[in-house]
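S.K.: would you be able to build a 3D model of this:
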Amino acid sequence: LGAAAVTSLTQISSDRWLVTGRATDGAAYAAIYIPRELRVRRIEAPNARAILACAGHPTIDLGLAVGTDGAVLWVRPKETAPESIPGAVDLSTAAIDPAGRGVCAAAGKIWRHRRAAAALDASIAPSGSWELVWWDPSWTAPFVTLFTQPGRVLAMTADGDIVEGRAGGSVFGPPSARRRSVRPPS
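M.R.: Numbering: from 1, shown residues only. This next block holds a predicted model:
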């Protein structure tokens with residue numbers, strides 16, 4: 001089905017899963033898997049080397065995928081909508097909060113999606129822009145997981161550091177963001 005490597009899989013509705021990775025042609029790979037039909041349908045992916053992570057919100061039929069070169073892909077029942085975060089940053093993880101807002105991260109950076117307007121049709125992908133809400137250039141390990149609640153983000157890096165932030169306006173920042181290490185002492 002054109003996939004050279006699968007990097008992430010998430011449920012995006014009661015009967016559909018989003019599959020992401022790298023295609024056999026060296027480009028980003030995205031597909032919809034429908035288990036009941038044992039069918040995989042490739043969908044158009046952003047222009048990138050790979051899609052590294054995806055997140056789903058099955059109760060509102062929404063998927064979000066992120067990858068190299070700042071690639072972002074929203075997936076809804078009737079459409080897909082590619083976006084890009086400036087700077088060709090390699091996005092390593094994504095989440096969708098309970099209100100359907102996207103959050104994604106790369107080494108030392110976390111972005112939150114700002115919708116242009118309230119979604120009137122739940123089958124259409126949200127439009128808007130990505131806002132950098134937390135950054136620290138000293139954090140060089142990529143984030144590998146995100147947990148979101150309204151106004152709160154918890155993220156962990158590949159080397160075990162954790163940042164926790166609460167929205168106190170438009171940016172997560174001190175003192176609401178703090179660094180904790182889960183690595184055992186030497």
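
S.K.: for Ala45, grab the count of nearby residues.
M.R.: 23 (other CB atoms under 10 Å). Quick note: C-beta positions are derived from backbone N, CA and C, even for glycine.

S.K.: same thing with Leu154?
M.R.: Residues near Leu154, counting by other CB under 10 Å: 14.

S.K.: quick check: it vs Ala81, distance?
M.R.: 27 Å (CB to CB, to the nearest Å).

S.K.: and Leu1, by the same measure?
M.R.: 22 Å.

S.K.: same check on Asp90?
M.R.: Taken as CB to CB, the span from Asp90 to Ala81 is 20 Å.

S.K.: neighbour count winner among those two?
M.R.: More crowded of Asp90 and Ala81, by other CB under 10 Å: Asp90, with 17 against 14.

S.K.: middle-most residue in the protein, spatially?
M.R.: Among the residues of the chain, Ala94 comes closest to the average C-alpha position under CA atoms, centre = their mean, at 2.3 Å.

S.K.: pairing partners for the host helix or strand of that one, with directions?
M.R.: Ala94 belongs to strand 93-96 when assigned by DSSP states H and E. Applying DSSP bridges, strand 93-96 is found paired with strand 102-106 (antiparallel).

S.K.: count of neighbours near Pro35?
M.R.: Other residues lying near Pro35 total 10 when counted by other CB under 10 Å.

S.K.: in space, what's closest to Ser84 - neighbours in sequence excluded?
M.R.: Nearest non-adjacent residue to Ser84, counting by CB to CB, 6 or more residues apart in numbering: Gly70, 4.8 Å away.

S.K.: so what pLDDT did that neighbour get?
M.R.: Per-residue confidence at Gly70 stands at 96 (pLDDT).

S.K.: next: Ala125.
M.R.: pLDDT at Ala125 comes out at 59.

S.K.: Met156 too?
M.R.: 93.

S.K.: and if you look at Gln11?
M.R.: Per-residue confidence (pLDDT) for Gln11: 97.

S.K.: pLDDT weak spots in the chain?
M.R.: When residues are selected by pLDDT under 70, those of the chain lie in 116-126, 167-186.

S.K.: quick one: contacts for Val144?
M.R.: Listed by CB atoms under 8 Å, 6 or more residues apart in numbering, the contact set of Val144 reads 92-93, 156-158.

S.K.: fine by me, thanks again.
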